[in-house]
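S.K.: Dropping the sequence and predicted coords here.
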Amino acid sequence: MNMNLTLLGQAIGFILFVWFCNIYVWPYILKALEEREKRVADGLAAAAKGHHELELAEKRATDILRDGKTQSQGYITQAQKRADELVDEAKQNAQAEASRIIAAGRAQIEQERQQVREELRTQVARLAVAGAEQILMREVDQATHKEVLSKISASL
């Protein structure tokens, strides 16, 4: 066989094979490659977007935590102020109650002192009357006797 004819047959077969692949096979391969490329690009874009959203979420979380800490500090400060106010109020109430109890005690002591004075006056008057009665037993005038004793009792 001739080498030229074989080479020509192989060249024609190769050209037909390239033409067949170019018409029927190559568009499907290109389409598959383009879809794959698009999926990879979309995946990379989604990954970049996810990474960006993750960073934003981390920033938001940090901001929320910072705000939460600030708020909690504010609440703690308010609670401490309220506790101090309650303690001061309780001290004032206790002092007022103590003053009231002391005043009531003093009033009761004064009342008891007056009562004891009255009792002592009554007893002294009785003793004076009894003493005067014994001294004046010899005297018969009762009206004069009562008048003198009333003056003594009133002066005590």
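M.R.: Thanks, I have the structure now.
S.K.: I'd like to know which helix or strand in the chain has the lowest mean pLDDT.
M.R.: Ranking every helix and strand in the chain by mean pLDDT, DSSP states H and E puts helix 142-155 at the bottom, with a mean of 72.
S.K.: same for that one, what does it pack against?
M.R.: helix 26-135 (3 or more CB pairs under 8 Å, 6 or more residues apart in numbering; DSSP states H and E). All C-beta spots, glycine's among them, are computed from the backbone N, C-alpha and C.
S.K.: Between helix 142-155 and the helix it packs on, find me the angle.
M.R.: Interaxial angle of helix 26-135 relative to helix 142-155 (axes from the mean of the first three to the mean of the last three CA atoms, to 10 degrees): 150 degrees.
S.K.: Just list what helix 26-135 packs against, helices and strands only.
M.R.: On a contact count with 3+ CB pairs under 8 Å, 6+ apart, helix 26-135 meets helix 142-155.
S.K.: thinking again about what came up before, just give me how far the least confident helix or strand of the chain sits from the chain centre.
M.R.: 77 Å (CA atoms, centre = their mean, to the nearest Å).
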